[in-house]
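Engineer: Mind looking at a prediction? Sequence and model below.
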Amino acid sequence: MDLGAFSVSLAVKDLATSKGFYETLGFEAIGGDPQQNWLVLKNGDHVIGLFQGMFEDNILTFNPGWDQSGNELDSFTDVRELQRELKSRGITLNSEADDSISGPASLMLSDPDGNQILIDQHR
């Protein structure tokens, strides 16, 4: 099951402070909008998102249709297909993608320890 590009979405208290900290670790901003309180940073193949005031806990994020640099892939597994596969494996979903449409959609699930996992397709 190919879930797409992986990143960690961090719930931060102060976007500028967190950005500065991760820059000292070698991360560079590659996307986002500080005016909207979010940034995407990258160091090699490692991607993190910083989100101030958008959600309470950190989230493991997968993006079908993207590579680790945020480039669109020619071929990928649609989030709705992933949803059907997860459900067939007995996974309970916290939220589901609308199976009656195509294009951007997302779903959420939690691991046995309550860690949230977002599968977020942008195209």
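Structural biologist: Nice, I can see it. Here the structure is a predicted model, which is why all the values come from computation and not from measurement.
Engineer: Now Gly49: closest residue in space that isn't a chain neighbour?
Structural biologist: Ser9 (4.3 Å; C-beta to C-beta, 6 or more residues apart in numbering). C-betas here are computed from N, CA, C, even on glycine.
Engineer: right, and the one you found touches Thr61 too?
Structural biologist: Yes - using C-beta atoms under 8 Å, Ser9 is in contact with Thr61, at 4.8 Å.
Engineer: list the residues that contact both of those two?
Structural biologist: Taking C-beta atoms under 8 Å, 6 or more residues apart in numbering as the contact rule, Ser9 and Thr61 both touch 49, 118.
Engineer: Direction included, what does the helix or strand of the chain with the lowest mean pLDDT pair against?
Structural biologist: Among the helices and strands of the chain, strand 28-33 carries the lowest confidence by mean pLDDT, DSSP states H and E, at a mean of 95. Strand pairing for strand 28-33, determined by DSSP bridges: strand 38-43 (antiparallel).
Engineer: quick one on the thing from earlier: OK, contacts around the residue nearest to Gly49?
Structural biologist: Neighbour list for Ser9: 48-49, 51, 55, 58-61, 118 [criterion: C-beta under 8 Å, 6+ apart].
Engineer: how about stretch 40-56: buried residues?
Structural biologist: By neighbour count on 16 or more other C-beta atoms under 10 Å, the buried set for stretch 40-56 is 40-42, 47-52.
Engineer: quick one: average confidence on that stretch?
Structural biologist: The predicted model assigns stretch 40-56 a mean pLDDT of 96.
Engineer: For the chain, which segments count as strands?
Structural biologist: Secondary structure of the chain by DSSP state E: the strands cover 5-12, 28-33, 38-43, 46-52, 59-63, 93-95, 105-110, 116-121.
Engineer: want to throw those into CSV with distance to Asn71?
Structural biologist: Shown next, in CSV, are those (distance: least, C-beta to C-beta, whole Å):
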stretch, distance to Asn71
strand 5-12, 9
strand 28-33, 11
strand 38-43, 12
strand 46-52, 12
strand 59-63, 11
strand 93-95, 27
strand 105-110, 19
strand 116-121, 15
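Engineer: Cool, thanks, talk later.
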